[in-house]
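Asker: pasting the structure only:
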């Protein structure tokens, strides 16, 4: 099992507020973590707008979420930059306490991690701006080279579409270590289309100087994202839930979601994500 952390960047967010004497009965400040008083968070920081480094500081959706949670936990939050495919192996190897990295909720992952669902997103199709090929659905990808993030939850979905719908003209699913590499493969004509998260695709379009375009008009394979802790770490899971529950209905959290064009998932959507056949 690959457990190597390709590069590590540690960025600390100091909790600014102590727990009030009359506050909730459980705080993460009293929880057992790998490093006492610190919550180590695995995050793939080459995945804007969710996770990225700017002048050595962790930025993006997950940084905003953890900065909102940190004061309620009375701990210091330290991000450990880890490539996406190594996040769950790293969590299992106790390299960090939790994952906050736009991790999609799937039944397979739920066998080894416990989730706190915190946002809803989905996928988009992106091609070169000068291309006449404008796919709208996964079925339009038969016979095409499709660049994806390695280990992404939609890869098996594309493989299933290829098997069920494409016959002798299968989808050539190509996986890359980062979304930026997938976009570069498209620009260099090493791929025909990129399938990536809707928010990531929008950021890539802007970063490319409009050399790319999004062709899908609807969110494809809608997914739930979750903060994740190692299966069996019930104490940390309970502490995070207690901190997040009042936060998710607050104006502060609604503003964070709006900033990244995300929504909160419903209970029914969370249940479906955990039980759907893959």
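Answerer: Happy to help now that I have it. All of these numbers come straight from a predicted model, not from anything done at the bench.
Asker: the closest residue to residue 50 other than its chain neighbours: how many residues sit nearby?
Answerer: Distance criterion C-beta to C-beta, 6 or more residues apart in numbering; nearest residue to residue 50, sequence neighbours excluded, is residue 102 at 4.0 Å. C-beta: built from backbone N, CA, C; applies to glycine. By other C-beta atoms under 10 Å, 26 other residues sit near residue 102.
Asker: contacting residues around residue 102?
Answerer: By C-beta atoms under 8 Å, 6 or more residues apart in numbering, residue 102 lies in contact with 47, 50, 51, 61, 62, 119, 121, 197, 225.
Asker: quick one: the first one and residue 176 touch, right?
Answerer: No - applying C-beta atoms under 8 Å, one finds residue 47 not in contact with residue 176, separated by 11.9 Å.
Asker: find the residues that touch each one of the two.
Answerer: residue 149.
Asker: pretty sure residue 124 contacts residue 203?
Answerer: No - using C-beta under 8 Å, residue 124 is not in contact with residue 203; the gap is 11.1 Å.
Asker: picking up where we left off before, residue 47 and residue 176: which is more packed in?
Answerer: Between residue 47 and residue 176, residue 47 has the larger neighbour count (other C-beta under 10 Å), namely 25 against 19.
Asker: ok, and the closest non-adjacent residue to the more buried one?
Answerer: Residue 47 sits nearest to residue 179 (C-beta to C-beta, 6+ apart), 5.8 Å away.
Asker: for residue 98, same thing?
Answerer: Spatially, and ignoring its direct neighbours in sequence, residue 98 is nearest to residue 229 (4.8 Å; C-beta to C-beta, 6+ apart).
Asker: ok, the one you found touching residue 236?
Answerer: Yes - using C-beta under 8 Å, residue 229 is in contact with residue 236, at 5.1 Å.
Asker: any stretches of the stretch 101-250 of the chain with poor pLDDT?
Answerer: Counting by pLDDT under 70, the stretch 101-250 of the chain shows no low-confidence range.
Asker: can you pull out the strands in it?
Answerer: Counting by DSSP state E, counting those that start in this stretch, the stretch 101-250 of the chain has strands at residues 113-128, 145-149, 172-176, 193-197, 212-214, 220-230.
Asker: the stretch 101-250 of the chain: helices as residue ranges?
Answerer: Secondary structure of the stretch 101-250 of the chain, counting by DSSP state H, counting those that start in this stretch: helices at 155-165, 179-187, 198-207, 234-247.
Asker: in the second one, what counts as buried?
Answerer: If I follow you right, that is helix 179-187. 179, 180, 181, 182, 183, 184, 185, 186 (16 or more other C-beta atoms under 10 Å).
Asker: let me know the closest of those residues to residue 156.
Answerer: Minimum distance to residue 156 across the buried residues of helix 179-187 is 16.8 Å, recorded for residue 182 (C-beta to C-beta).
Asker: and for the residue nearest to the closest one when sequence neighbours are not counted, the neighbour number?
Answerer: Leaving aside its sequence neighbours, residue 182 sits nearest to residue 147 (C-beta to C-beta, 6+ apart; 3.9 Å). For residue 147, the count of nearby residues is 24 (other C-beta under 10 Å).
Asker: next: the one 4 residues further on.
Answerer: Neighbourhood size, residue 151 [other C-beta under 10 Å]: 15.
Asker: still on that earlier bit, can you tell me which of the helices of the stretch 101-250 of the chain is nearest to residue 95?
Answerer: Closest of the helices of the stretch 101-250 of the chain to residue 95 is helix 234-247, at 14.8 Å (criterion: C-beta to C-beta).
Asker: outside of the helix or strand just after the closest one, which residues touch it?
Answerer: The helix or strand immediately downstream of helix 234-247 is helix 251-259, counting by DSSP states H and E. Contacts with helix 251-259, where a contact means C-beta under 8 Å, 6+ apart, come from 61, 64, 65, 68, 119, 247, 263, 264.
Asker: can you tell me which of those has the most neighbours?
Answerer: Neighbour max across the contacts of helix 251-259 (other C-beta under 10 Å) = residue 61, 26 neighbours.
Asker: phi, psi of the residue nearest to the spatial centre of the chain?
Answerer: The residue lying closest to the centre of the chain (C-alpha atoms, centre = their mean) is residue 102, at 1.5 Å. Here is the backbone geometry of residue 102 (degrees, to the nearest 10): phi 50, psi 40.
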